[in-house]
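Novice: pasting the sequence and the predicted model now:
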Amino acid sequence: MTLNKKKIGIFGGTFNPVHYGHLLIAENACDQFELDHVIFLPTGHTPHKAFMGEKMSIHRCHMVEAAIADNPKFSISYREIESTGVNYTYVTLARFHNDYPDCELYFILGADSLFDFDSWRHPEEICKYANILAAVRGNLNADEVDRQIVYLKEKYHVILVENPYYKQMNNFSTLYVAREYLKNTWICSADNYFTENVFMEESENAFYASEYADGATEEWCIKTDNTGKIIGVQIGGENAWVMKGHVFFNEKFSTQLLPYLEEAFQKKNCGMNTGKIFIWRIWMKWKCISESMMPVLLKSLTVLMN
């Protein structure tokens, strides 16, 4: 399976047996979070449940294969079933990350799992390798789920801001819903990956990180005036500064930006139809508790660190 620069859902579970509810969760995750693919991951030896035996495990996989056969966006992984030892989620996700280094991973689970999430082996590593998508089932108390998410947010030192406009307006609207946090703030997308810490403690000026590309390039190229001020961008160019992805807004820049952000949002918001999201949320509620350990993520939920 070739998946380059895609958004991949990893749907772990016993699937004993797989049923329509599982398929509905996967389909809704694809729709709401625009996933390109979902990999069903039947569990093998887990630290929390007794192993069902090799014969039963193979049978569970065959049932999953039959259930997802008609959906080209779905596939199955035997990774944990074929493992001889105890499987830990953080290890499994690290291996998926190595398999698909250019992809953004989403780990799909039931919201009931949030209540023992911090008892899992190295939950901080799970949050490092994947976004966590939790489907809220009808038998769970919504207030209790919200309180648990607050607890997890505080424990792992993030602020989560939900963006109900993302599907209609994309990243622009995420800046708007997170506007109260825009002061001296780093911003980057969840698909940015850093091998070292690039976030300095402070900077006098707002800036967009870039590097110089010699020759022709298909990256986003920055146009500047003679003072270094960005006056435009274009896709492709040559011998140009290209965007790296992360940005720093200082407080002065944030203050100046906010009126323009408000005006642009109101123009975009006029006449926008949000019925699909509203209906979808009644049918299947989701919570996202992390996004790849980035300081600010311009996605459906945003993480900010000032």
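Specialist: Yes, it's here.
Novice: all contacts plus neighbour counts: C-alpha atoms, from now on.
Specialist: Noted.
Novice: and whichever helix or strand residue 41 is part of, how far out from the chain middle?
Specialist: Using DSSP states H and E, residue 41 sits in strand 37-42. Put simply, strand 37-42 sits 16 Å off its chain's centre (C-alpha atoms, centre = their mean, to the nearest Å).
Novice: who does it touch, helix- and strand-wise?
Specialist: strand 7-13, helix 20-33, helix 54-68, strand 74-76 (3 or more C-alpha pairs under 8 Å, 6 or more residues apart in numbering; DSSP states H and E).
Novice: what's the nearest residue to residue 73 if we skip its chain neighbours?
Specialist: Nearest non-adjacent residue to residue 73, counting by C-alpha to C-alpha, 6 or more residues apart in numbering: residue 37, 4.7 Å away.
Novice: rewinding a little: among the helices and strands packed on strand 37-42, which is nearest residue 88?
Specialist: Nearest of these to residue 88, taken as C-alpha to C-alpha: strand 7-13 at 11.3 Å.
Novice: tilt between the closest one and strand 37-42?
Specialist: 20 degrees (axes from the mean of the first three to the mean of the last three C-alpha atoms, to 10 degrees).
Novice: and strand 7-13, what other elements does it pack with?
Specialist: So strand 7-13, by 3+ C-alpha pairs under 8 Å, 6+ apart, packs with helix 20-33, strand 37-42, strand 104-110.
Novice: can I get these in JSON lines including distance to residue 118 and mean neighbour count?
Specialist: Formatted as JSON lines, these follow (distance: least, C-alpha to C-alpha, whole Å; neighbours: other C-alpha atoms under 10 Å):
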{"stretch": "helix 20-33", "distance to residue 118": "23", "mean neighbour count": "17"}
{"stretch": "strand 37-42", "distance to residue 118": "21", "mean neighbour count": "22"}
{"stretch": "strand 104-110", "distance to residue 118": "14", "mean neighbour count": "23"}
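Novice: what would those look like in TSV with mean pLDDT and distance to residue 221?
Specialist: Shown next, in TSV, are the helices and strands packed on strand 7-13 (pLDDT from 0 to 100; distance: least, C-alpha to C-alpha, whole Å):
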stretch	mean pLDDT	distance to residue 221
helix 20-33	88	28
strand 37-42	96	30
strand 104-110	89	24
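Novice: any chance of these in CSV, plus distance to residue 210?
Specialist: Output for these, formatted as CSV (distance: least, C-alpha to C-alpha, whole Å):
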stretch, distance to residue 210
helix 20-33, 28
strand 37-42, 31
strand 104-110, 22
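Novice: right, so of those, which gets closest to residue 86?
Specialist: strand 37-42 (13.5 Å).
Novice: pairing partners for that closest one, with directions?
Specialist: Strand pairing for strand 37-42, using DSSP bridges, gives strand 7-13 (parallel), strand 74-76 (parallel).
Novice: what's in contact with it?
Specialist: Strand 37-42 has contacts (C-alpha atoms under 8 Å, 6 or more residues apart in numbering) with 6-15, 26, 30, 57, 60-61, 64, 73-81.
Novice: returning to that earlier point: can I get the helices and strands packed on strand 37-42 in a markdown table with distance to residue 212?
Specialist: As requested, these are exported to a markdown table (distance: least, C-alpha to C-alpha, whole Å):
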| stretch | distance to residue 212 |
| --- | --- |
| strand 7-13 | 28 |
| helix 20-33 | 33 |
| helix 54-68 | 46 |
| strand 74-76 | 40 |
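Novice: all strands of the chain, in order?
Specialist: 7-13, 37-42, 74-76, 104-110, 131-136, 160-162, 185-187, 207-224, 230-249, 285-290, 301-303 (DSSP state E).
Novice: about what we covered before: in PyMOL, how would I select the buried members of the contacts of strand 37-42?
Specialist: Here is the PyMOL selection string for the buried members of the contacts of strand 37-42, based on 16 or more other C-alpha atoms under 10 Å:
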select buried, resi 6+7+8+9+10+11+12+13+14+15+26+30+57+60+61+64+73+74+75+76+77+80+81
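Novice: quick one, what contacts the residue lying closest to residue 255 once chain neighbours are set aside?
Specialist: Once flanking residues are discounted, residue 255 sits nearest to residue 183: 7.5 Å by C-alpha to C-alpha, 6+ apart. Contact analysis of residue 183 by C-alpha under 8 Å, 6+ apart lists 249, 250, 251, 252, 254, 255, 306.
Novice: show the pLDDT at the last one.
Specialist: Going back to what we said before, that points to residue 306. On pLDDT, residue 306 comes in at 36.
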